[in-house]
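Asker: no letters, just coordinates:
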């Protein structure tokens, strides 16, 4: 599997974890999921994932940086869920904490693949410049 495919998969999974965990936190803290500000925040996760996936497909110059920043955001969102969960020792609390840890790890994997994506772009650019210098 190419790195761009890994970026797409990992970013999409991290976005799903971030959306689900954020929705759970809104419910736990007494906010209605029907509120407009809730949907705006959840939509931000989806839009960011779509942007990163699109950039990964076209391999633009700053796609590695975007991947790193967006997956860092998803990992931080999962960390925030881990820190603010109510009833930590209940079954649902432990389940949410477990999902949060998985979300953090998936976000970190996305950061790793973003760094790898940036390195691949830089290597391809250097190779292209070397070829141009030989001509």
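Answerer: Cool, got the structure. Quantities reported herein were computed from a predicted structural model and do not represent experimental measurements.
Asker: ok, residue 65 touching residue 114?
Answerer: Yes: using C-beta atoms under 8 Å, residue 65 makes contact with residue 114 at a distance of 7.4 Å. Quick note: C-beta positions are derived from backbone N, CA and C, even for glycine.
Asker: between the two, who's got more neighbours?
Answerer: residue 114 (26 against 16; other C-beta atoms under 10 Å).
Asker: give me phi/psi at that one?
Answerer: Dihedral angles of residue 114 (phi, psi; degrees, to the nearest 10) stand at phi -70, psi -40.
Asker: residue 33 too?
Answerer: According to degrees, to the nearest 10, residue 33 has phi -70, psi -10.
Asker: one more: residue 69?
Answerer: Per degrees, to the nearest 10, the backbone of residue 69 is at phi -70, psi -40.
Asker: okay, now it: neighbour count?
Answerer: 15.
Asker: likewise residue 48?
Answerer: Residue 48 has 20 neighbouring residues, counting by other C-beta under 10 Å.
Asker: many thanks, I have nothing further to ask.
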